[in-house]
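Colleague: I'd like to go over a predicted model; first the sequence, then the structure.
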Amino acid sequence: MTKEGFWNTVSRHPFGVLLLALFSMLIFAPSISVLENHLPGFHGVASLAPLSLLVIGASMLTLWKRAKHHARHMVAGALVVVLLMLSSVVPHRLLVPIQLVIQILFLCYVLWIVARTVFKAKTVTSDILCGAISVYLMVGVLAGLVFVLIEYCSPGSFRVSNWTGDSVAQQASFIREPGWLFYFSFVTLTTVGYGDVLPASALARSAAVLVAVIGQVLLVVQVATLVGMHVVQRSTDSKK
């Protein structure tokens, strides 16, 4: 397949690309801290930079294909990328929360665009199905970023239960690794609740409850919408 053919295939399925990027975040973020063993400077929020860039890139493709004002969206996406790279390279405490807030706002807008497209669709296609799944996973990614922001601004907001390390300092260093907070976000979103990571502050508990409720409500609404769209589509096809 030529480069042009590959790009055409990718551009026709922006939700599919976004879904792959979100799945990469889902699968690799919880274990991203293992890179510290090979890259000593690759730790904390900076360890998520490659996965975040992948999600932002897929989000920019989605905005290019599904939203108006392309130039404005590309500039916003480029700003997020620049702040992400700066916060990963420049050791300034203010850069991390700023880029987290900007990244959260950008992904919230992407989530709104994808959700609007899915719920306004008249037929169920493979790309619409990918979009529906992407909405659910995007909520998990956003929750993870919010949890990272809470922990960064207020250390100790989350803790590990039944910790077997040697000191409290080790536990604090461990939980500040953002991969664990992304793991916690998806566990909370699906209401699995293993109990190994716990919200320890009022803000963290409120955020966790909100994510759990959103996850269940969103799942019900999405299933009902897609089933309704499929029934209407089948009814329309049978009348032709």
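Modeller: Structure's in. What do you need? All values derive from a computational prediction rather than experimental measurement. Numbering: from 1, shown residues only.

Colleague: contacts only, for Ala189.
Modeller: Not Ala; residue 189 is Leu. Contact analysis of Leu189 by CB atoms under 8 Å, 6 or more residues apart in numbering lists Tyr136, Val139, Gly140, Ala143, Val211, Ala212, Ile214, Gly215. Bear in mind the C-beta positions are built from the backbone N, C-alpha and C, glycine included.

Colleague: which SSE is the last one in?
Modeller: Looking back up the chat, that one is Gly215. In this structure, Gly215 is located in helix 202-239 according to DSSP states H and E.

Colleague: gap between that helix and the chain center?
Modeller: 17 Å (CA atoms, centre = their mean, to the nearest Å).

Colleague: quick check: buried residues in that helix?
Modeller: For helix 202-239, a neighbour-count test (16 or more other CB atoms under 10 Å) marks Ala204, Ala207, Ala208, Val211, Ala212, Ile214, Gly215, Leu218, Gln222, Leu226, Met229 as buried.

Colleague: on that earlier part again, greatest separation within the contacts of Leu189: which pair is it?
Modeller: The span of the contacts of Leu189, defined through CB to CB, is set by Tyr136 and Ala212 at 13.3 Å.

Colleague: quick one: average pLDDT of the helix holding Gly215?
Modeller: On average, the pLDDT along helix 202-239 is 82.

Colleague: and for stretch 105-116?
Modeller: Here the average pLDDT along stretch 105-116 is 93.

Colleague: in the chain, which helix or strand is least confident?
Modeller: helix 168-175 (a mean of 53; mean pLDDT, DSSP states H and E).

Colleague: what's the first helix or strand after it?
Modeller: helix 178-189.

Colleague: how far off centre is the helix or strand following that next one?
Modeller: Downstream of helix 178-189, the next assigned helix or strand under DSSP H and E is strand 197-199. In terms of CA atoms, centre = their mean, the centre of strand 197-199 is set 19 Å apart from its chain centre.

Colleague: in its sheet, which strands sit next to strand 197-199, and in what direction?
Modeller: As defined by DSSP bridges, the strand partners of strand 197-199 come to strand 158-160 (antiparallel).

Colleague: run through this structure and note the low-pLDDT ranges.
Modeller: Along the chain, segments meeting pLDDT under 70 span 1-11, 33-44, 91, 162-176, 230-240.
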